[in-house]
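Enquirer: what follows is a protein structure lacking sequence information:
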């Protein structure tokens, strides 16, 4: 997609020269000589610019007034101001209104090009966030938290209630894999901020210095390698929601800086002297007990009390095993669609294994297990060999499978079939899915002396599917 640049400049020679220059670089370019012409161009929804290069002083107004007038309808567009007589109050106002940069004419062409490229990248990122927000809003309702157990109904009702109230901050707690990310999307996309950005950050995934830059942003030259201005995630989440996953891993000094942003509703990028106003809703998630972390000096008490306007604990899967009756069919249907499979049956023994397992990884682990099982299925029945072993169970039971290997392509029904199936594969990630499938078909062909009909019968699939895999994996 070719990006559009709108140039607002009352000097015809400069305006036309900038238009020609950026058109030669491959951009769609538009030129307006005053605010009136700019408003006419901006009212055309088919030619929405990604970047506006604007003079500060125009014949019928100022570029800053035009920015303030239109910024609510151009949240995916960046502004860069060019002026021959820049003053500090103007630059401060420009940045507070959300302008990307403020340059004084004459400026070096290389500098302007660098700012333009950075501003366009920022606009593209903002556009992706807004597009994701619109698409995701159609998918997430409180009922997306699947389950009819008592504890699940209570959680769904609480999510529904919280999405309708204007809270400033909220803490989600629960074990890893319980659905804190899903709960965040439900809360955001059913709130009054649903059309604004949802910006997510895993605080445990980045080292301290990079985490600070990602959160608060930086100016060009703020540190070694900072070649251009970067808008932090707090700034990107303006008017929307900022989701801080694993906030218990955030260093204490950054906790203090985050607290100041929440208290003052103002942000200062690294290397900047200007403060920007921000309006964000914070959802923080953790698998830790933050009250214990406060007592141990690992988490600031003032930030904890500021975040815990509401605190919602998500139940573990072992607390709601009856929800497997709803979760398993829903997830199988999802992975059928993604993988082009037609798994429609779950044997009683497979159900027993699913319901006796403790699920330490919760719904995330269940998703991974079912995704693997559906992708590697060769029939309409969910294969049992990809299900977790019975060494970790809710109550005592018999172990059917070595926890490090998978035995049997499909549960054999006769002694004859049992003798033909002696397959073991690692499930530790060292072997790819296609490699496993290829090996299954290869070994079964060898066991059945190349009899495709016999292989299809034992694997409970069709000759056509076996022949397709023989050709796909060059097994003959």
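Expert: Nice, I can see it. Note that this is a predicted model, so its numbers are computed, not measured. Residues are numbered from 1 along each chain as shown.

Enquirer: output the lowest mean pLDDT helix or strand found in this structure.
Expert: Least confident helix or strand, the chain: strand 405-407 with a mean of 30, by mean pLDDT, DSSP states H and E.

Enquirer: just the helices in the stretch 1-150 of the chain please.
Expert: For the stretch 1-150 of the chain, the helices defined by DSSP state H, counting those that start in this stretch cover 12-24, 35-42, 63-70, 88-96, 109-137, 150-162.

Enquirer: which one of those has the lowest average pLDDT?
Expert: Comparing these by mean pLDDT, the weakest confidence falls on helix 88-96, with a mean of 71.

Enquirer: that one vs helix 63-70, what angle?
Expert: 30 degrees (axes from the mean of the first three to the mean of the last three CA atoms, to 10 degrees).

Enquirer: any idea how far residue 187 lies from residue 235?
Expert: 21 Å (CB to CB, to the nearest Å). In short, each C-beta sits where N, CA and C put it, glycine included.

Enquirer: which one's more surrounded, these two?
Expert: Set residue 187 next to residue 235 and count neighbours by other CB atoms under 10 Å: residue 187 wins out with 29 against 20.

Enquirer: which residue sits closest to the more buried one, ignoring its sequence neighbours?
Expert: Excluding the flanking residues, the one nearest residue 187 by CB to CB, 6 or more residues apart in numbering is residue 163, at 5.1 Å.

Enquirer: give me phi/psi at the one you found?
Expert: Taking degrees, to the nearest 10, you get phi -70, psi -10 for the backbone angles of residue 163.

Enquirer: which residues does it contact?
Expert: By CB atoms under 8 Å, 6 or more residues apart in numbering, the contact set of residue 163 is 142, 186-187, 190-191.

Enquirer: again, only using 10 Å
Expert: Applying CB atoms under 10 Å, 6 or more residues apart in numbering to residue 163 gives the contacts 140-142, 183, 186-194.

Enquirer: the residues you listed into JSON lines, with extra columns for distance to residue 102?
Expert: Putting these into JSON lines (distance: CB to CB, whole Å) gives the following:
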{"residue": "140", "distance to residue 102": "38"}
{"residue": "141", "distance to residue 102": "43"}
{"residue": "142", "distance to residue 102": "44"}
{"residue": "183", "distance to residue 102": "40"}
{"residue": "186", "distance to residue 102": "39"}
{"residue": "187", "distance to residue 102": "36"}
{"residue": "188", "distance to residue 102": "32"}
{"residue": "189", "distance to residue 102": "35"}
{"residue": "190", "distance to residue 102": "38"}
{"residue": "191", "distance to residue 102": "34"}
{"residue": "192", "distance to residue 102": "32"}
{"residue": "193", "distance to residue 102": "29"}
{"residue": "194", "distance to residue 102": "32"}
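
Enquirer: and the helix or strand residue 234 falls within, what does it pack against?
Expert: Assigned by DSSP states H and E, residue 234 falls within helix 233-236. Using 3 or more CB pairs under 10 Å, 6 or more residues apart in numbering; DSSP states H and E, the elements in contact with helix 233-236 are helix 109-137, strand 198-202, helix 208-216, strand 241-245, helix 252-264.

Enquirer: just those: most buried one?
Expert: Of all the helices and strands packed on helix 233-236, strand 241-245 has the most neighbours on average by mean count of other CB atoms under 10 Å, namely a mean of 25.

Enquirer: report the distance from it to the chain centre.
Expert: Chain-centre distance of strand 241-245: 11 Å, with CA atoms, centre = their mean, to the nearest Å.

Enquirer: packing partners of that strand?
Expert: Using 3+ CB pairs under 10 Å, 6+ apart: strand 241-245 touches strand 169-173, helix 180-189, strand 198-202, helix 233-236, helix 252-264, strand 281-286.

Enquirer: strand 169-173 and the longest one, what's the angle between them?
Expert: With the same axes, to 10 degrees applied, the angle from helix 252-264 to strand 169-173 works out at 140 degrees.

Enquirer: the second one now?
Expert: Here helix 180-189 runs at an angle of 150 degrees relative to strand 169-173 (the same axes, to 10 degrees).

Enquirer: quick one: mean pLDDT over helix 180-189.
Expert: The pLDDT scores in helix 180-189 average 95.
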